[in-house]
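1. Give me coordinates for this.
(2 chains)
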Amino acid sequence: MSFKPSAFRVLLTALFISLLALSVAAQDAEEEATEEYSYLNPMGRVPELWTDEQTDCAAAGVAREGPWTIGVSNFSLGNSWRVQMIAELEAAAAGNPDIEELIITNADGNVAKQISDIDDLIARGVDAILITPGSPEGIAPSVEDAYNAGIVTIVFNDFVDTDQFHSILWADQFKFGYIGGAWLREQLGGQGNIVILEGIAGMGVSDLRSEGAIAGLGEGINILARQPAGWDYAQGKAAMEDFIAAYPGQIDGVYSQGGAMSQGAIDAFLAAGLDPVPVPGEGYNGFLKYWAANLENGFSSIGPDEPTWQSVAALEVAIDCLNGETVAKWTELEHPLITDENVHEYVRFDCPDGVWSNTLMSPEAITEMYDCEGTGEATEEASS
Amino acid sequence: MTAKSVQSSARRALLQLSLPPAAIIWIAVGLLLLLARSVSASFWELSHLLNVARQASALGILAIGQTYVLITGGIDLSNAMVVTLVNVVAATLLRGSDETLGGTLLICLGIGLLTGLANGLLITRLKVPPLVVTLGMFSILRGAAYVYTDGAPRGDISPALEFVGTGFVGPIPTAVIFWVVLTALAAVALQKTVFGRQLYAVGGNEKASRLSGVPADRVIVLAYVVSGLMAAIAGLILSGYAGTGTLTLGDGRNLDSIAAAVVGGTSLSGGSGSVIGSAGGALFLALLFSFLRFIGLPYTIQLMVQGLILAVAVYLHVRSQRAS
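-> All right, here's what the predicted structure looks like:
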């Protein structure tokens, strides 16, 4: 029998070669996908209208000689993050001799009250106004009023549906969610079942974080259930207790939007006598304490952090503008990333759970504010 | 269809028997358990049911006080903020250790007692409507919690209190034991004591009760004091569960406690109600919340279903009261 390359054999070789090529291509694609999902290179969603536009405050005619009166319209003091955000601002303003007075209003979570708060601040003739909008649509006319009254108008913490202000500072909430989602995806090797603990349904921050997380989690992750728990420890723990019972042995990971919920989720696993599954967190000290103390036991997490010092960043822009400088109109604040490697730099074992560890306040100021037991020095402490 | 007709004939039978309103809610609890069982067998895991009972216990304790107040024809919206204030005060004073436990408990119960006393006196002496007084008190206590903490709660809860909030005695959660004991005491006080009968008399017809020599003002004040004390105890138990101080611990619990009492057969217009019914109401609500989460309904639908079921439950009570 002569050895003749039959058509079959040719076909087989061709098939083999193409399979090889395909697998190499697939490997490349897989690598690309991993790249795309890396939480260190998060996908964001900076709004389309954001540009490199600058505001020339001198030309806008809003620059003034100091000392200044600065008004702040804060939407809510409903949790310790917001309280610390305002405390950071007060600490920064107290150290500035050019600031004569800092008038802070608190709308108590009520958009109507925030509108009248801003009216009041305009009427009191403040030189600059810092606004954390409670609703992008509802607060827009008030932001425009302040802007048109010739007051330096700085928006931070959330969006507003207008471009009539001098500067806006915002940390991308979609990116916040994406970082945690992509990290969880890596932990689970791209597949598994998870549950999601969200903030407050219908609130911009909460919705964007969930959207980002789902994008970061990708296709292979199955979402068993999602539940808003208000970033609250007790609500997060109660929801997690139900999920553990509803999906026994099925939950491979938890995506939590952070706050105290991540700690609540972990405690629910511990209370049920289970090892906690991977769950991302945030710079909330209660969570960081558990994380740092259990690193050696193999616990790992990630904490994209919403900076409490963004109020100080907004104040600095306001001061630059009052001094007649040119400022960036649109500024995206980066989320500092807390990781297994640097969690010890953030945690304060000597402080209560409610501390937000990513702060510009001095360790002494934090100690005083939260009545910590230590001074903030040498906070590493073995804890079981 | 058959389940529905069984239910409706059961309901008719109930009405003909004119069962006490409290019985209806316990039957509803049973039906909800059966429904949950048919949807998911793991709902009936003992550990889960005990968890739900523990989730219900703080609400149940709040509902005891709310029931006393509702029977007098009043309402207590301030109890939620007693929970929050007690929580931040306890965390601050305890600082994670049992050393100051005794004093802390006294102070926390004192907060509840004084709040109830102030509510009761304002309502009876100044004749301000209970809704306004207790709403105002809610606001005052919230302000107090913010002033006390500067907005940043300090400290941690102590091990003993954490045992009350999260621990077990045998298989039974500690919090559930507190709830059952307090419910039993409150039920006996309501049914078997002069004070209990006076509560119903004042709520049924305040003028008539005064004419027949009931010290109506004292009875009303006492009802608010009981509500304040129950709120303080619930606050301590919830503090043990949360483990730390937070300014949101009481959020929404005033309306939940009213809902628990009302689905448990207590009338919003005073004169009728029972602590046993309210206990069933609290358990029913906790089971319902848990069940809706359990089956993974989207949150928006959960809210609608919750509202709908509460409306139906109250409607059934109104009908049964009309029938009897």
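2. If you tally nearby residues, what's the number for the residue lying closest to B:Gly120 once chain neighbours are set aside?
-> Leaving aside its sequence neighbours, B:Gly120 sits nearest to B:Val221 (CB to CB, 6 or more residues apart in numbering or on different chains; 3.2 Å). C-beta: built from backbone N, CA, C; applies to glycine. Applying other CB atoms under 10 Å in any protein chain shown, we find 22 residues neighbouring B:Val221.
3. Quick one: mean pLDDT over the helix or strand hosting B:Val221.
-> Element membership for B:Val221 (DSSP states H and E) is helix B:216-242. Per-residue pLDDT values across helix B:216-242 average out to 97.
4. next one: it to chain centre, how far?
-> In terms of CA atoms, centre = their mean, to the nearest Å, the centre of helix B:216-242 is set 10 Å apart from its chain centre.
5. Could you check the pLDDT of the residue of the stretch 101-250 of chain A found nearest chain B?
-> Residue of the stretch 101-250 of chain A nearest chain B, by CB to the nearest CB: A:Ala245 (3.6 Å). Per-residue pLDDT puts A:Ala245 at 90.
6. Report the contact partners of it.
-> Listed by CB atoms under 8 Å, 6 or more residues apart in numbering or on different chains, the contact set of A:Ala245 reads B:42-43, B:45, B:47-48, B:51, B:294.
7. Can you give me the buried ones in the helix or strand encompassing B:Leu114?
-> B:Leu114 is part of helix B:101-125 when elements are defined by DSSP H and E. Residues B:101, B:104-105, B:108-109, B:111-113, B:115-116, B:118-120, B:122-124 are the ones in helix B:101-125 that count as buried (16 or more other CB atoms under 10 Å in any protein chain shown).
8. Next, count neighbours for the closest residue to chain A within the stretch 1-150 of chain B.
-> Taking CB to the nearest CB, chain A has its nearest neighbour within the stretch 1-150 of chain B at B:His48, 3.6 Å off. B:His48: 22 surrounding residues under other CB under 10 Å.
9. which non-adjacent residue is nearest it?
-> In space, B:His48 is closest to A:Ala245, 3.6 Å off (CB to CB, 6+ apart).
10. Would you agree the one you found falls within a strand?
-> No: going by DSSP: H, G, I helix; E, B strand; the rest coil, the assignment for A:Ala245 is helix, not a strand.
11. quick one on the thing from earlier: report all helices and strands that the helix holding B:Leu114 contacts.
-> Where contact means 3 or more CB pairs under 8 Å, 6 or more residues apart in numbering or on different chains; DSSP states H and E, helix B:101-125 is packed against helix B:79-94, helix B:130-149, helix B:216-242.
12. What is the burial count for the residue nearest to A:Phe176 when sequence neighbours are not counted?
-> Leaving aside its sequence neighbours, A:Phe176 sits nearest to A:Pro304 (CB to CB, 6+ apart; 4.8 Å). Neighbour count for A:Pro304, taken as other CB under 10 Å: 28.
13. Which single residue in the stretch 51-200 of chain A comes nearest to chain B?
-> For the stretch 51-200 of chain A, CB to the nearest CB, closest residue to chain B: A:Val83, 3.5 Å.
14. Residues of the stretch 251-384 of chain A that sit close to chain B?
-> By the rule CB under 8 Å from any CB of the partner chain, the part of the stretch 251-384 of chain A lying against chain B is A:260, A:267, A:271-272, A:286, A:352-354, A:369-371, A:373.
15. among those, which are in helices?
-> Per DSSP state H, helices hold the following members of those: A:267, A:271, A:286, A:369-370.
16. Mind picking the two most distant members of those residues?
-> A:Ala271 and A:Met369 (30.4 Å; CB to CB).
17. more neighbours, these two?
-> Using other CB under 10 Å as the criterion, A:Ala271 and A:Met369 rank with A:Met369 on top: 24 against 18.
18. can you tell me how far the spatially closest residue to the more buried one that is not a sequence neighbour sits from B:Ala175?
-> Nearest residue to A:Met369, sequence neighbours excluded (CB to CB, 6+ apart): B:Ala152, at 5.4 Å. According to CB to CB, to the nearest Å, B:Ala152 stands 27 Å off from B:Ala175.
19. more neighbours, those two?
-> B:Ala175 (28 against 24).
20. Give the other helices and strands that the helix or strand harbouring the more buried one contacts.
-> Taking DSSP H and E as the criterion, B:Ala175 maps to helix B:174-192. In terms of contacts (3+ CB pairs under 8 Å, 6+ apart), helix B:174-192 is packed against helix B:46-71, helix B:159-166, helix B:194-204, helix B:216-242, helix B:275-294.
21. redo that, cut-off 10 Å
-> helix B:46-71, helix B:159-166, strand B:168-169, helix B:194-204, helix B:216-242, helix B:275-294 (3 or more CB pairs under 10 Å, 6 or more residues apart in numbering or on different chains; DSSP states H and E).
22. Looking at these, which is nearest to A:Thr153?
-> That would be helix B:216-242 among the helices and strands packed on helix B:174-192, by CB to CB, at 39.0 Å.
23. now that closest one and helix B:79-94, what's the angle there?
-> 50 degrees (axes from the mean of the first three to the mean of the last three CA atoms, to 10 degrees).
24. Enumerate the positions of helix B:216-242 that are buried.
-> Applying 16+ other CB under 10 Å to helix B:216-242 flags B:216-217, B:219-242 as buried.
25. Would you pull up the residue in the stretch 151-300 of chain B closest to chain A?
-> For the stretch 151-300 of chain B, CB to the nearest CB, closest residue to chain A: B:Gly151, 3.5 Å.
26. quick one, what contacts that residue?
-> Shown in contact with B:Gly151 (CB atoms under 10 Å, 6 or more residues apart in numbering or on different chains): A:77-80, A:82-84, A:86-87, A:106, A:354, A:369, B:145, B:247.
27. Enumerate every residue touching B:Thr84.
-> Counted by CB under 10 Å, 6+ apart, B:Thr84 has contacts B:138, B:141-142, B:144-146, B:149, B:153, B:231, B:235, B:238-239, B:245-251, B:253.
28. I'd guess B:Leu33 is in a strand, am I close?
-> No: counting by three-state DSSP, one finds B:Leu33 to be helix, located in no strand.
29. For chain A, which segments count as helices?
-> Going by DSSP H, chain A shows helices at A:7-37, A:57-60, A:80-94, A:111-123, A:136-148, A:173-187, A:204-217, A:233-246, A:261-271, A:285-294, A:310-322, A:343-346, A:363-370.
30. tell me what the fourth one is packed against?
-> Other helices and strands packing on helix A:111-123, by 3+ CB pairs under 10 Å, 6+ apart, are strand A:68-74, strand A:99-106, strand A:128-131, helix A:136-148.
31. What pairs with the shortest one, parallel or antiparallel?
-> To tie it back to what came earlier, the one meant is strand A:128-131. strand A:68-74 (parallel), strand A:152-156 (parallel) (DSSP bridges).
32. ok, and which of those strands has the densest surroundings?
-> strand A:152-156 (a mean of 28; mean count of other CB atoms under 10 Å in any protein chain shown).
33. Return the distance of that strand from the chain's centre.
-> That offset, for strand A:152-156, works out to 20 Å (CA atoms, centre = their mean).
34. try stretch B:197-209
-> For stretch B:197-209, the distance to the chain centre is 22 Å (CA atoms, centre = their mean).
35. For that stretch, buried residues please.
-> Buried-residue list, stretch B:197-209, by 16+ other CB under 10 Å: B:198-204, B:206, B:209.
36. Stretch B:252-260 too?
-> B:253-254, B:256-260.
37. how far away is the spatially closest residue to B:Ala232 that is not a sequence neighbour from B:Ala231?
-> What sits nearest to B:Ala232 in space, not counting adjacent residues and going by CB to CB, 6+ apart, is B:Gly112, at 2.8 Å. Note on B:Gly112: its distance to B:Ala231, by CB to CB, is 5 Å.
38. and for these two, which residues touch both?
-> B:65, B:79, B:82-83, B:85-86.
39. quick one: contacts for the most centrally placed residue in chain A?
-> With distances taken as CA atoms, centre = their mean, the residue of chain A nearest its centroid is A:Glu306 (3.7 Å). By CB under 10 Å, 6+ apart, the contact list for A:Glu306 reads A:81, A:85, A:157, A:171, A:173, A:176, A:205, A:209, A:258-259, A:282-283, A:333, A:335-336, A:356, A:358.
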